[in-house]
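Engineer: Structure of the sequence below:
(2 chains)
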Number of protein chains: 2
Amino acid sequence: MPETARSIARRPENRYGNRPTMKDVAARAGVGLKTVSRVVNGEPGVTPDTERRVQEAIDALGFRRNDSARVLRKGRTASIGLVLEDLADPFYGPLSRAVEEVSRAHGSLLINGSSAEDPDREQELALALCARRVDGLVIIPAGDDHRYLEPEIRAGVATVFVDRPAGGIDADVVLSDSFGGARDGVAHLIAHGHRRIGFIGDMPRIHTAAERLRGYRAAMEDAGIPVEATWMSLGVTDPVRVRRAAEEMLSGPDPVTAVFAGNNRVTVTVVRVLAEHARRVALVGFDDFELADLLQPGITVISQDPARMGRTAAERLFQQLDGSLLAPERIELPTRLIARGSGELPPED
Amino acid sequence: MPETARSIARRPENRYGNRPTMKDVAARAGVGLKTVSRVVNGEPGVTPDTERRVQEAIDALGFRRNDSARVLRKGRTASIGLVLEDLADPFYGPLSRAVEEVSRAHGSLLINGSSAEDPDREQELALALCARRVDGLVIIPAGDDHRYLEPEIRAGVATVFVDRPAGGIDADVVLSDSFGGARDGVAHLIAHGHRRIGFIGDMPRIHTAAERLRGYRAAMEDAGIPVEATWMSLGVTDPVRVRRAAEEMLSGPDPVTAVFAGNNRVTVTVVRVLAEHARRVALVGFDDFELADLLQPGITVISQDPARMGRTAAERLFQQLDGSLLAPERIELPTRLIARGSGELPPED
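Structural biologist: Numbers count the residues shown, from 1 in each chain, chains lettered A, B, ... in the order given. Now for the predicted structure:
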């Protein structure tokens, strides 16, 4: 009595791994291996009747052509990888979607993964994607040493970094003008009469955080305002840490009258803290975010264009793959101040 | 004169695909293939001096062990795939992160992709991940026919659906109680005195949209309120369509006094439309979203738990892989009404 495909698959030893092979299909259809190969690859030289028999065997066994084998033979897959830094940060939504759209337009599949802000996981994920033979990688780096990618780049994997530059290797990078944007935002607060301005940012080892702090310092120096150490707080962007930093700056005998928030994760927590405070405190945040204009007051932001960043990075990647690029470049996109009310509040002492 | 790895990689014909092989390493190190294999796989029987020579050749050539080949031999990779529906919907952020955390705890790499709400792309992506030999798939389906997965499931790929059930196959699914949640939300509006209540939802072919509409109808029927056709609008959730639907319900001689929004994408647009209206209109939205509590008034929502959905689905997937599950199940998680002001506004005629 012949076994069905389902009963075969149900046997414990076949639950994983032992997929039906072309040989199994050939045996079931009563044809040679070459005939099965012809049917699977759509090659001529098979009679309709034989093709039908092979197709029935394929369906019955659940045979599927093994793309891993195809990848090995051809050395090229139509896929690119995207290494994100945090799956839950809304900043990366439009960026990912733009990379996906460009990838799609080039007939390439996009595979994502997240480092969860951990340099080791970034490396593990990037190399795992390379091992799965992606043609290229778009990386939002968590770490600052990317020499681990050198063998891959030498082997022909295209790489573009987004949001933060690569460390230790010369690679394409697409980023926002973090320094200029932060300087503009802080200068905007100074223009509205503030002198005691706090800065709350991400961990200092992160390039964007360091650049935005540098922009803050430059704007303060331009205005001849000496910065006090207690006005600056850098660290993880989780709500507990940011809340404590904001509350410290807002209390004491000489509290800040304005806050510059280093990214959207910081801003939403600061908005929450300020909503609980009686005193009105001005706020400018780096990154726009959904509903920022509908809060009372609306939140003034330094807006980046994450979709354009993703699109630019992905296009650059496919230019590398086309061989139309010569040397790695640093592409810096401008930011834009959007005034909505929170950044135009005067100091309240 | 020997060529360097870099100059070899730079030759156009070698720019992609033709990666160095173990044979190349063996030739460069002046050893046999078996010796290279021993070094690469950390097997004994190689002198320190030979190991060093092989390692130098590996570094110089940029050789990396080919995991595709390893996958072919072993039939099992430590990876699972997640097919998302929309990379830019914040609902999927915590869900993805939860799947990633469970995956990580099981020593498995998570690879994501998005169908961009297109059933064909869902199929293409799911099968591409299978071809790359993921052990299992967590799928937020865009389509309603998943028979294309039958050969993969028979071949041992674990599958769990999230947010919406599979179509045409019997598979695990983890979802929220969309019917009950919507019925509770609409009953809440009725309890606050509303009778003319609008429903704006996603496309009717989407399971959650259909279920939430059913919940709306049930609540209205329970209260003995006949529903007018002009009170219901289902379709894509882009801002243009939702805005038009909301404005139609809010105008005319007999406008609605309350709106039930079918998901967070709908809610944020309705919030925007209501902010422009003089008349106060009550609002309850399905899904919680960031800053909903800080708007004026705060937005009353039917809250789901996307992190718990992701965690439950991923745990179920690994139970399937452990062989500890018998039959597919439907796991429905409860929703929770969070009153914040917008859903407690009385009718204003």
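Engineer: Against chain B, how distant is residue A:345?
Structural biologist: Residue A:345 sits at a distance of 17 Å from chain B (criterion: C-beta to the nearest C-beta, to the nearest Å). All C-beta spots, glycine's among them, are computed from the backbone N, C-alpha and C.
Engineer: residues touching the closest residue to that residue other than its chain neighbours, list them.
Structural biologist: Computed as C-beta to C-beta, 6 or more residues apart in numbering or on different chains, the closest residue to residue A:345 that is not its neighbour in sequence is residue A:282, at 4.2 Å. Counting by C-beta atoms under 8 Å, 6 or more residues apart in numbering or on different chains, residue A:282 makes contact with A:189, A:192, A:194, A:257, A:258, A:259, A:342, A:343, A:344, A:345, A:346, A:347.
Engineer: tell me, how many neighbours does the fourth one end up with?
Structural biologist: Going back to what we said before, that points to residue A:257. 22 (other C-beta atoms under 10 Å in any protein chain shown).
Engineer: Might one say that it is in contact with residue A:347?
Structural biologist: Yes. Counting by C-beta atoms under 8 Å, residue A:257 does reach residue A:347; the two are 3.8 Å apart.
Engineer: Mutual contacts of these two, please.
Structural biologist: A:194, A:195, A:196, A:282.
Engineer: In ChimeraX, select just the buried ones from the residues you listed.
Structural biologist: To isolate the buried members of those in ChimeraX, using 16 or more other C-beta atoms under 10 Å in any protein chain shown:
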select /A:194,196,282
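Engineer: Please, where are all the strands along chain A?
Structural biologist: A:79-84, A:109-114, A:136-139, A:158-162, A:172-176, A:197-201, A:232-234, A:258-261, A:282-286, A:300-303, A:330-333, A:336-338 (DSSP state E).
Engineer: Pull out the buried positions in the second one.
Structural biologist: To tie it back to what came earlier, the one meant is strand A:109-114. A:109, A:110, A:111, A:112, A:113, A:114.
Engineer: Low-confidence bits of the stretch 51-200 of chain A, can you list those?
Structural biologist: A:62, A:64-77 (pLDDT under 70).
Engineer: Can you name the two of the shared contacts of residue A:257 and residue A:347 that sit furthest apart?
Structural biologist: A:195 and A:282 (11.6 Å; C-beta to C-beta).
Engineer: Next, show the common contact partners of those two.
Structural biologist: By C-beta under 8 Å, 6+ apart, the residues touching both residue A:195 and residue A:282 are A:257, A:347.
Engineer: Which stretch among the strands of chain A is buried most, on average?
Structural biologist: Mean neighbour count (mean count of other C-beta atoms under 10 Å in any protein chain shown) peaks for strand A:258-261 among the strands of chain A, with a mean of 29.
Engineer: Setting the sequence-adjacent residues aside, check what's closest to the most centrally placed residue in chain A.
Structural biologist: Centroid-nearest residue in chain A: residue A:84, 3.2 Å away (criterion: C-alpha atoms, centre = their mean). Closest residue to residue A:84 apart from its sequence neighbours, by C-beta to C-beta, 6+ apart: residue A:114 at 4.6 Å.
Engineer: show me the contacts for that neighbour.
Structural biologist: A:83, A:84, A:85, A:86, A:87, A:121, A:125, B:96, B:97, B:100, B:110, B:112.
Engineer: In space, what's closest to the third one - neighbours in sequence excluded?
Structural biologist: Using C-beta to C-beta, 6+ apart and skipping residues adjacent in sequence, the residue nearest residue A:85 is residue A:140, 4.5 Å away.
Engineer: From chain B, how far off is that neighbour?
Structural biologist: 14 Å.
Engineer: Near that residue, how many other residues are there?
Structural biologist: Residue A:140 has 24 nearby residues by other C-beta under 10 Å.
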